Structures are given as C-alpha cells and as structure tokens.
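Chemist: Predicted coordinates and the sequence they were generated for:
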Amino acid sequence: MQKIKELITDGKTKEAIQLLNEYITAHPDSDEAYYLLGNAYRKEENTRMALNNYLKATELNPESPAKGAYDMMIRILDFYNKDIYNP
C-alpha cells in the first residue's frame with residue numbers, strides 16, 4: 001500500500017488505479033484500498049468514481065477516513081451547485 005500511496009502523491013494515478021483494482025480483486029473487503037482508489041480518482045478529478053469508492057470504503061468500515069473525504073467532497077459540490085443556481 002505504501003507504494004500505491006507514493007504513486008498517488010507523485011501524480012501517477014493511472015498506475016495506482018491499476019494496482020488498486022488488481023489488489024481489490026484479490027482483497028474485496030479492503031476498505032483502505034477503496035479509500036486510496038477514491039483518492040486516486042479525486043486527484044484525476046473524476047468526482048463520481050471518487051465518491052463511489054469512498055462510499056464502498058465506508059460501507060466496509062464506517063470508521064474509515066473515506067467518510068470524511070466523502071463528506072468533504074459533498075460539501076464542496078453543494079457549495080458549487082449553490083453558486084450555479086444563484087448568480
């Protein structure tokens with residue numbers, strides 16, 4: 001997992017996503033892997049995939065840091081949406 005974290009930090013998200021998908025295939029109950037996958041997608045600005053993976057991590061472990069990441073992204077989206085509809 002440390003290597004994957006470094007890849008995400010270094011902006012090598014495509015490689016990290018590939019490794020995480022392989023890891024999840026072998027370890028489908030790893031909330032940490034789904035959390036990191038959410039981080040990689042967030043860094044790629046793929047909001048939908050980030051949120052989906054944060055939710056999966058939270059389903060597997062309600063104490064996962066993915067809960068905070070999910071809540072933060074929802075607050076940001078709510079803020080942006082309010083600006084769009086209230087010029």
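Modeler: Thanks, I have the structure now. Residues are numbered from 1 along each chain as shown.
Chemist: Tell me the spacing between the residue nearest the centre of the chain and Met72.
Modeler: The centroid of the chain falls nearest to Gly38 when counting by C-alpha atoms, centre = their mean (1.2 Å). The gap separating Gly38 from Met72 is 11 Å, by C-beta to C-beta, to the nearest Å. Bear in mind the C-beta positions are built from the backbone N, C-alpha and C, glycine included.
Chemist: Do me a favour and average the pLDDT over stretch 50-60.
Modeler: Stretch 50-60 carries an average pLDDT of 97.
Chemist: What of stretch 27-40?
Modeler: Mean predicted lDDT for stretch 27-40 stands at 97.
Chemist: Just checking the distance from it to the centre of its chain.
Modeler: 8 Å (C-alpha atoms, centre = their mean, to the nearest Å).
Chemist: what do you get for stretch 66-80?
Modeler: Distance of stretch 66-80 from the chain centroid (C-alpha atoms, centre = their mean) equals 11 Å.
Chemist: buried sites along that stretch?
Modeler: Ala66, Lys67, Ala69, Tyr70, Met73 (16 or more other C-beta atoms under 10 Å).
Chemist: ditto for stretch 4-24
Modeler: Buried-residue list, stretch 4-24, by 16+ other C-beta under 10 Å: Ile4, Leu7, Ile8, Lys12, Thr13, Ala16, Ile17, Leu19, Leu20, Tyr23, Ile24.
Chemist: Residues touching it, excluding its own?
Modeler: Lys3, Ser30, Ala33, Tyr34, Leu36, Leu37, Asn39, Ala40, Tyr41, Lys43, Glu44 (C-beta atoms under 8 Å, 6 or more residues apart in numbering).
Chemist: Got phi/psi on the last one?
Modeler: The reference is to Glu44. phi -80, psi 0 (degrees, to the nearest 10).
Chemist: which residues touch Tyr34?
Modeler: Ile24, Asn53, Tyr54, Lys56, Ala57, Leu60, Ala66.
Chemist: and of the residues you listed, the nearest to Asp78?
Modeler: Tyr54 (15.6 Å; C-beta to C-beta).
Chemist: Look up phi and psi at that closest one.
Modeler: Dihedral angles (degrees, to the nearest 10) for Tyr54: phi -60, psi -40.
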